[in-house]
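In: just need the structure, nothing else, for what follows:
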Amino acid sequence: MKNIWIIAQAGSGDAPQTITSEPINSEGETTTVVSQDGTTDGSQQKDTQQKGPGFPIWLIGIMLLLMFVMFRTPQKQKQQQKKLEQSLEKNDRVQTIGGIFGTIVDIKDDEITLKVDESNNTKIKVARRAISRNMSKD
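Out: Residues are numbered from 1 along each chain as shown. Presented below is the predicted three-dimensional model:
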């Protein structure tokens, strides 16, 4: 037992303003002096001063970095999808978001006609946004 803490509250009347400490054995172990205003002696005051405002600034920095990553990722995905939609051409082999494979036969403003079966000449129309992958360019 290296330190012994004595906590006391001054009462009314002739109570002392501080608690004093004296060595309790030959090794020189002492108790901590605490004044009525709550301050302590020596090295413990230095510890509280070192913690100061560094923690909130660090926390704010991490939160800003997290927000940047969260908002940047969807923007990148939108840019990649837009680039894919603009690069589509006739006779490209594509896959839709529903998993349908086909070849582009016709491209209009926001509508793409896909040939999905060669033997029956089956065609379907899908939105430009429904194309998830261009397998001709992969």
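
In: what packs against the biggest helix by length in the chain?
Out: Secondary structure of the chain per DSSP state H: the longest helix is helix 54-87. Helix 54-87 sits against strand 131-134, with contacts defined as 3 or more CB pairs under 8 Å, 6 or more residues apart in numbering; DSSP states H and E. The C-beta positions use only the backbone N, C-alpha and C, and glycine is treated the same way.

In: partner strands of the strand it packs on, parallel or antiparallel?
Out: Its sheet considered, strand 131-134 pairs with strand 93-96 (antiparallel) by DSSP bridges.

In: what comes up buried for the helix or strand following the partner strand?
Out: Later in the chain than strand 93-96, the nearest helix or strand by DSSP states H and E is strand 101-107. By neighbour count on 16 or more other CB atoms under 10 Å, the buried set for strand 101-107 is 102-105.

In: do the same with stretch 89-99
Out: For stretch 89-99, burial by neighbour count (16+ other CB under 10 Å) applies to 92, 94-96.

In: now do the buried residues in the longest helix of the chain.
Out: Buried residues in helix 54-87 (16+ other CB under 10 Å): 84-85.

In: tell me the average confidence for that helix?
Out: Across helix 54-87, pLDDT averages out at 90.

In: can you put the buried residues of stretch 89-99 in a markdown table and add distance to Gly61 and pLDDT?
Out: Listed next are the buried residues of stretch 89-99 as a markdown table, based on distance: CB to CB, whole Å; pLDDT from 0 to 100:
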| residue | distance to Gly61 | pLDDT |
| --- | --- | --- |
| Asp92 | 45 | 94 |
| Val94 | 43 | 96 |
| Gln95 | 42 | 96 |
| Thr96 | 42 | 96 |
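
In: among the residues you listed, which pair sits farthest apart?
Out: Largest separation among these by CB to CB: Asp92 and Thr96, giving 12.5 Å.

In: Val94 reaches Asp138, doesn't it?
Out: No - counting by CB atoms under 8 Å, Val94 does not reach Asp138; the two are 10.3 Å apart.

In: domains of this structure?
Out: Annotated domains of the chain cover 1-51, 57-134 [automatic domain parsing].

In: mean pLDDT lowest where, among those?
Out: Least confident of the domains of the chain, judged by mean pLDDT, is domain 1-51 with a mean of 57.
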